[in-house]
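Engineer: Model the following, please.
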Amino acid sequence: MPIHFFPHYNNYNQTPKEVFNESHKELVEKGYKWLKATSNSCFVVAVLIVTIAFATSTTVPGGIKEDSGRPILEC
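Structural biologist: The predicted structure follows:
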């Protein structure tokens, strides 16, 4: 088998992945907080877009006649 299929260890018996994870814990925490704040912002924008889309889809063009309640259907 090729040599790159076998895991390599350093003097402390750690793989490169373990060394990377241990040395970047602070970066992972910052990334988690950033992702959470960004997803909250995107959620707010999505709610605003859905609200506007719903309002425009239920509005009759031209309005409604007050005496009969029928739509005018004119622009």
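Engineer: What residues of the longest helix anywhere in the chain count as buried?
Structural biologist: Of all the segments of type helix in the chain, defined by DSSP state H, the longest one is helix 25-58. For helix 25-58, the buried set under the neighbour-count rule, 16 or more other Cβ atoms under 10 Å, is empty. C-beta here means a position set from N, CA and C on the backbone, and glycine is covered the same way.
Engineer: and that helix, how far out from the chain's middle?
Structural biologist: Put simply, helix 25-58 sits 6 Å off its chain's centre (Cα atoms, centre = their mean, to the nearest Å).
Engineer: How about stretch 9-16?
Structural biologist: 36 Å.
Engineer: Now tell me which helix or strand of this protein has the poorest mean pLDDT.
Structural biologist: Within the chain, no helix or strand scores below helix 16-23, which has a mean of 91 by mean pLDDT, DSSP states H and E.
Engineer: so where is the protein shaky, pLDDT-wise?
Structural biologist: Scanning the chain for pLDDT under 70 picks out the ranges 1, 75.
Engineer: angle of the least confident helix or strand of the chain against helix 25-58?
Structural biologist: 80 degrees (axes from the mean of the first three to the mean of the last three Cα atoms, to 10 degrees).
Engineer: quick one: the residue lying farthest from the centre of the chain from Thr58, how far?
Structural biologist: For the chain, the residue at maximal distance from the C-alpha centroid (Cα atoms, centre = their mean) is Asp67, at 46.9 Å. Distance, Asp67 to Thr58, using Cβ to Cβ, to the nearest Å: 21 Å.
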